[in-house]
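In: Make a model of this:
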Amino acid sequence: MVELRKLKVELGVDEHGALLATLQVRPVLVERIIAAQAEDPLICTLRAEVESGVRTDCSVRNDGALMVGTRLYVPHDEPLKREILEEAHSSAFAMRPGSTKMYHTLREHYWWPFMKKEIAEYVRKCLVCQQVKAERQKPSGLLQPLPIPEWKWEHLTMDFVFKLPRTRNKHDGVWVIVDRLTKSAHFLPVRANYTLNKLAQLFIDEIVRLHGVPVSITSDQDPRFTSRFWTKLHEAFGTQLQFSTAFHPQTDGQSERNIQTLEDMLRACTLQFREDWDEKLPLMEFAYNNSYQASIKMSPFDALYGKQCRTPFYWDEVGENRLEVADDVKRTKEQVKLIRERLKTAQDRQKSYADNKRKDLQFEVGDWVFLKLSPWKGVVRFGRRGKLSPRYIGPYEVVERVGPVAYRLALPPDLSWLHDVFHVSMLRKYISDPSHVLEEQPIELQEDLTYVEQPVQILDQKMQVLRSREIPLVKVLWRSHTVEEATWEPEDQMREQYPYRFE
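Out: Below you'll find the predicted structure:
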């Protein structure tokens, strides 16, 4: 009986004489709030004013709790308020809601001064939310166009396109090399297993032979460009190798756009010529160079040679009269000047348009930031590769500002193989809090800052009913993500790739 009294169990007898037990359930947190109210001087004063009829905006409940309307008045007790916030945000029943959802949930039962502001600040400082949740704001970092070149084929951009259908000549990729002034380009068929020596020789045979040694080369952080041999080769040429900010291809946007154009051409060519697309690559290069480019308002061939090249539908006879009309040298210089002016106009227009969709974010040396990753699941969802929301690791200290929109981070030893300079759009400011326990999370990163997501648990199952068939689905909880981010995936694909999750 003593134990029953402790549990507040009431005993009674029903109409048939049967013994009944009633257990009254009451949250311990409510009891603690009421106890804390009794020790808070302000609340004691308010309770006295309510009981004397001076205040009518509050009331005293039968158990002595001070209420604001139907809500319990939480005293100015920081540990107690933090416990309430943790329960409403981090418990298994809450699953880390945003500040707005969390406020509307708590305001149904509790009230204290500046409640909404404190909830927003708590959510903003939540370490898990900072690492897991995607930003709902404009991308960071204003556009920084590259300087406009002075002359043709002095400043280049280059990149690779791989994982193309393998041809009879064993080619499975294209090396795209573009002159930043005239936009003229060379598309060189390559293999993924080409050595650095092979690439260097190919560069000399196809680029240096035609255009001489470039002054600078802008590329992404591909290992082919960052290797010691490649750098020494360009040092021997007297070339200043300019690298794009790590994993931010917009710096090298020109070759990226040319790659997109090339991929469109390759898709069409692959469908038509199947395994012989590399044999048609010279014609694709010609078609690209002979086509109008909006940024320079002429074709790359026109910018490079001063005229369009002949095709069956563009046949231009160049006779002696045409050659004697003007001074070719003067005309070429004037054309280069015109191209540079048009490029400047195009860059200004592009920067103005891009900056409207971006925000200017800056960090100071000594700040701590999270580094953005791109998690990819190894499943195909209805024919499309699924992608979860962005995730961040860190935080890491900013040790140097490199240019207007790039920063060098102090990476831990296990990430020392990564290039340590990142564009500001890859970073998120770390909001510190004394309660944070910072631990390195073991993630197997790829070179492009992606990692493969792994399923942790199958949460639920259902049947997706289509017109002619039914598709069994499973709800999957993914590693490093909350239950809210669980996704529905085809059961057969999950069983094939992760059979151990169904044992």
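
In: Look up how far S59 lies from A65.
Out: 9 Å (Cβ to Cβ, to the nearest Å). The C-beta positions use only the backbone N, C-alpha and C, and glycine is treated the same way.

In: If you could redo that for N193, that was the one I meant.
Out: As judged by Cβ to Cβ, N193 and S59 stand 79 Å apart.

In: higher neighbour count, the two?
Out: Set N193 next to S59 and count neighbours by other Cβ atoms under 10 Å: S59 wins out with 16 against 9.

In: residues touching that one, list them.
Out: Contacts for S59 (Cβ atoms under 8 Å, 6 or more residues apart in numbering) come out as V50, L66, M67.

In: What strand or helix carries the last one?
Out: Same thing as M67. In the assignment (DSSP states H and E), M67 maps to strand 66-68.

In: Output the contacting helices and strands for that strand.
Out: Packing partners of strand 66-68 (3 or more Cβ pairs under 8 Å, 6 or more residues apart in numbering; DSSP states H and E): helix 41-51, strand 59-60, strand 71-73.

In: Sheet-wise, list the partners of it with their directions.
Out: strand 59-60 (antiparallel), strand 71-73 (antiparallel) (DSSP bridges).

In: ranking these by burial, who's on top?
Out: The highest mean neighbour count among those, using mean count of other Cβ atoms under 10 Å, belongs to strand 71-73: a mean of 19.

In: Contacts made by that strand with the rest, please.
Out: With Cβ under 8 Å, 6+ apart as the criterion, strand 71-73 contacts 30, 33, 37, 43, 46, 58, 65-67, 107-112.

In: which of those residues tops the neighbour count?
Out: Among the contacts of strand 71-73, L66 has the most neighbours (other Cβ under 10 Å), with 24 neighbours.

In: Could you list the buried residues of stretch 397-410?
Out: By 16 or more other Cβ atoms under 10 Å, the buried positions in stretch 397-410 come out as V398, V405, A406, Y407, R408, L409.

In: Can I get the residues you listed in TSV including pLDDT and secondary structure?
Out: Formatted as TSV, the buried residues of stretch 397-410 follow (pLDDT from 0 to 100; DSSP: H, G, I helix; E, B strand; the rest coil):
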residue	pLDDT	secondary structure
V398	89	strand
V405	70	coil
A406	79	strand
Y407	83	strand
R408	86	strand
L409	86	strand
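
In: Need the max-distance pair from the residues you listed.
Out: For the buried residues of stretch 397-410, the farthest-apart pair by Cβ to Cβ is V405 and L409; their separation is 14.2 Å.

In: Could you tell me the end-to-end distance of stretch 107-124?
Out: 19 Å (Cα to Cα, to the nearest Å).

In: Return the helix or strand in the chain with minimum mean pLDDT.
Out: Least confident helix or strand of the chain, by mean pLDDT, DSSP states H and E, is strand 384-387 with a mean of 35.

In: Closest one to G306 out of the contacts of strand 71-73, please.
Out: Closest to G306 out of these is R107 (72.2 Å), distances taken as Cβ to Cβ.

In: That closest one and S99, how far apart?
Out: Look at R107 and S99: by Cβ to Cβ, they are 12 Å apart.

In: Among the helices and strands packed on strand 66-68, which comes closest to M284?
Out: Among the helices and strands packed on strand 66-68, the nearest to M284 by Cβ to Cβ is strand 71-73 (69.3 Å).

In: Mind listing what's buried along the next helix or strand after that closest one?
Out: Counting by DSSP H and E, the next helix or strand C-terminal to strand 71-73 is helix 78-90. By neighbour count on 16+ other Cβ under 10 Å, the buried set for helix 78-90 is L80, K81, I84, L85, A88, H89.

In: Same list, these, but as TSV with distance to V213 please.
Out: Converted to TSV, these look like this (distance: Cβ to Cβ, whole Å):
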residue	distance to V213
L80	71
K81	67
I84	68
L85	63
A88	65
H89	60
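
In: Please convert those residues to CSV, extending it with pLDDT.
Out: Shown next, in CSV, are the buried residues of helix 78-90 (pLDDT from 0 to 100):
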residue, pLDDT
L80, 88
K81, 89
I84, 87
L85, 88
A88, 83
H89, 82
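
In: for these, which one is nearest Q457?
Out: H89 (21.6 Å).

In: Walking through the stretch 351-500 of the chain, point out its strands one by one.
Out: Secondary structure of the stretch 351-500 of the chain (DSSP state E, counting those that start in this stretch): strands located at 368-381, 384-387, 391-401, 406-409, 421-423, 427-429, 450-453, 455-465, 470-478, 487-490.

In: before we move on, back to that, want to try TSV for the strands paired with strand 66-68, with mean pLDDT and distance to G306 as columns?
Out: Converted to TSV, those look like this (pLDDT from 0 to 100; distance: least, Cβ to Cβ, whole Å):
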stretch	mean pLDDT	distance to G306
strand 59-60	87	89
strand 71-73	90	79
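
In: Now distance to H419 too, for those strands, in TSV please.
Out: Compiled in TSV, the strands paired with strand 66-68 are given as follows (distance: least, Cβ to Cβ, whole Å):
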stretch	distance to H419
strand 59-60	63
strand 71-73	53
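
In: Ok, which of those strands comes nearest I207?
Out: Nearest to I207, of all the strands paired with strand 66-68, is strand 71-73, at 72.9 Å by Cβ to Cβ.

In: possible to save the contacts of S59 as JSON lines with pLDDT?
Out: JSON lines is the format used below for the contacts of S59 (pLDDT from 0 to 100):
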{"residue": "V50", "pLDDT": "85"}
{"residue": "L66", "pLDDT": "87"}
{"residue": "M67", "pLDDT": "88"}
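
In: Report the spatially closest residue to Y430, excluding sequence-adjacent ones.
Out: Nearest non-adjacent residue to Y430, counting by Cβ to Cβ, 6 or more residues apart in numbering: P395, 3.8 Å away.

In: Hmm, the one you found is touching V369, no?
Out: Yes - at 5.8 Å, P395 and V369 qualify as touching, with contact defined as Cβ atoms under 8 Å.

In: overlap in contacts of those two?
Out: Counting by Cβ under 8 Å, 6+ apart, the shared contacts of P395 and V369 are Y430.

In: Return the distance of A294 relative to T157.
Out: 17 Å.

In: likewise Q130?
Out: For Q130 relative to T157 (Cβ to Cβ), the value is 35 Å.

In: again with Q293
Out: Distance of Q293 to T157, given as Cβ to Cβ: 14 Å.

In: Same question for R166.
Out: Counting by Cβ to Cβ, the gap from R166 to T157 is 26 Å.
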